[in-house]
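S.K.: sharing a model that was predicted from the sequence below.
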Amino acid sequence: MASPEDQREAERFPANDSSACAFLSPVLEDFPAVKFKNISTNGVGLITSQSLSAGLLLAVKLVNPSKKFAKTILVRVAHCTPLAGGTFLVGGTLDAPLTYEELCNFVM
């Protein structure tokens with residue numbers, strides 16, 4: 001039973017010996033606005049106002065409010081191509097592919 005000082009809503013359990021944290025990185029919340037351009041099950045295209053280095057790992061939250069769907073994904077920058085107007089097309093590969101159903105939430 002949890003102690004009165006414990007404010008958690010749910011009990012936590014110790015991880016087993018074979019479980020590990022494979023990745024941890026802070027996420028910047030003050031990154032300028034990004035336009036969601038295109039998507040496939042394995043990649044995403046974004047328009048940004050900042051150049052990003054190839055190989056950079058991004059945490060990206062994609063949303064479709066009309067379908068009440070949101071998905072946070074890890075994206076590895078494959079290229080960053082300058083566009084007119086000082087913006088950049090960022091193409092990236094997904095760390096884990098989207099399912100067909102997840103893809104449909106963004107394109108249909």
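M.R.: Yep, it's here. Numbering: from 1, shown residues only.
S.K.: which residues outside the helix or strand hosting I73 are in contact with it?
M.R.: Assigning secondary structure by DSSP states H and E places I73 in strand 69-82. With CB atoms under 8 Å, 6 or more residues apart in numbering as the test, strand 69-82 has contacts from 23, 43-44, 51-64, 88-96, 98, 102, 105-106. C-beta: built from backbone N, CA, C; applies to glycine.
S.K.: so which of the residues you listed are in strands?
M.R.: With strands identified by DSSP state E, the entries of those that belong to them are 43-44, 57-64, 88-94.
S.K.: which ChimeraX command selects the buried ones in these?
M.R.: One line in ChimeraX is enough to select the buried members of the ones in strands among the contacts of strand 69-82, burial here meaning 16 or more other CB atoms under 10 Å:
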select :43,44,58,60,62,88,89,90,91,92,94
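S.K.: in this protein, where is pLDDT below threshold?
M.R.: Within the chain, the segments meeting pLDDT under 70 span 1-6.
S.K.: just want the most central residue of it.
M.R.: Within the chain, one residue has its C-alpha closest to the average C-alpha position: by CA atoms, centre = their mean, that is V60, at 2.3 Å.
S.K.: so who does it touch?
M.R.: Going by CB under 8 Å, 6+ apart, V60 touches 44, 46, 72-75, 92.
S.K.: cutoff 6 Å now
M.R.: Taking CB atoms under 6 Å, 6 or more residues apart in numbering as the definition of contact, the neighbours of V60 are 73, 75.
S.K.: quick check: buried residues in the strand holding I73?
M.R.: Buried residues in strand 69-82, counted by 16+ other CB under 10 Å: 73, 75, 77, 80.
S.K.: which one of the residues you listed is nearest to N38?
M.R.: Distances from N38 to these, taken as CB to CB, are shortest for V75 (12.8 Å).
S.K.: roughly how far does the closest one sit from K68?
M.R.: When distance is defined by CB to CB, to the nearest Å, V75 is 23 Å away from K68.
S.K.: can you tell me the closest non-neighbouring residue to L103?
M.R.: Nearest in space to L103, with sequence neighbours left out and distances taken as CB to CB, 6 or more residues apart in numbering, is T41 at 5.4 Å.
S.K.: ok, A59 next?
M.R.: Spatial nearest neighbour of A59, excluding adjacent residues (CB to CB, 6+ apart): V27 at 5.1 Å.
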